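In: For reference, the sequence and a predicted model appear below.
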Amino acid sequence: MVNKRLPASIPGLWISFCLSTLIPVFVHPPALLLGSLKSWWNRGKQPPIYYYRDKDGKEIDLLLVQDQAIYPVEIKKSASPRREWTQPFSAFDRLEPGRSEGAVVCLCRERLPLTDKVTAIPVGLL
């Protein structure tokens, strides 16, 4: 189940910050996705950004959807990124065309690959 409501623990300003700065870091080409988001906002519509939680308690802080591609993003307050933080992303592996690259935004010092499709991105890089 995809919940269109974002959790109260993520303030709206933080989400705006993530959308304007995080997306270019791991989505290629960034102008395409940002242009699409601006297009939604200019029409006064909600862009395809979601919070995910399933019946088993797996949750993902942000799901960005563009051209049938799903970009999962986790936001963590830790300097030591862990591979297990990406486990909920697997919920979208069985979909066609499946999930695209994802990210874990955290307090690490440099970009680190966590899996073949997920990168830990330092919040300071944003």
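Out: Great, that's in hand.
In: Looking at stretch 38-48 now, give me its mean pLDDT.
Out: Taken as a whole, stretch 38-48 has a mean pLDDT of 80.
In: Hmm, I typed the wrong one, I wanted stretch 88-106.
Out: Here the average pLDDT along stretch 88-106 is 83.
In: got the CA positions of it in CSV?
Out: Extracted C-alpha coordinates of stretch 88-106, given in CSV (Å, rounded to 0.1, in the frame of the first residue of the first chain):
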residue,chain,number,x,y,z
PRO,A,88,12.3,-2.2,2.5
PHE,A,89,13.3,-1.1,-1.0
SER,A,90,13.0,-4.7,-2.1
ALA,A,91,9.2,-4.5,-1.9
PHE,A,92,9.4,-2.8,-5.3
ASP,A,93,11.8,-5.3,-7.0
ARG,A,94,8.9,-7.5,-8.2
LEU,A,95,7.2,-4.7,-10.0
GLU,A,96,7.8,-4.0,-13.7
PRO,A,97,9.9,-2.1,-14.6
GLY,A,98,10.9,-2.3,-10.9
ARG,A,99,12.7,0.3,-8.7
SER,A,100,15.4,2.5,-10.0
GLU,A,101,18.4,3.7,-8.0
GLY,A,102,17.7,4.6,-4.4
ALA,A,103,19.4,6.6,-1.7
VAL,A,104,20.0,6.8,2.0
VAL,A,105,20.5,10.3,3.2
CYS,A,106,22.5,10.3,6.4
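In: which residues sit against it?
Out: Stretch 88-106 has contacts (C-beta atoms under 8 Å, 6 or more residues apart in numbering) with 18, 22, 25-27, 52, 54, 58-60, 68-79, 81, 85-86, 114, 117-123, 126. Every residue, glycine included, has its C-beta placed from N, CA and C.
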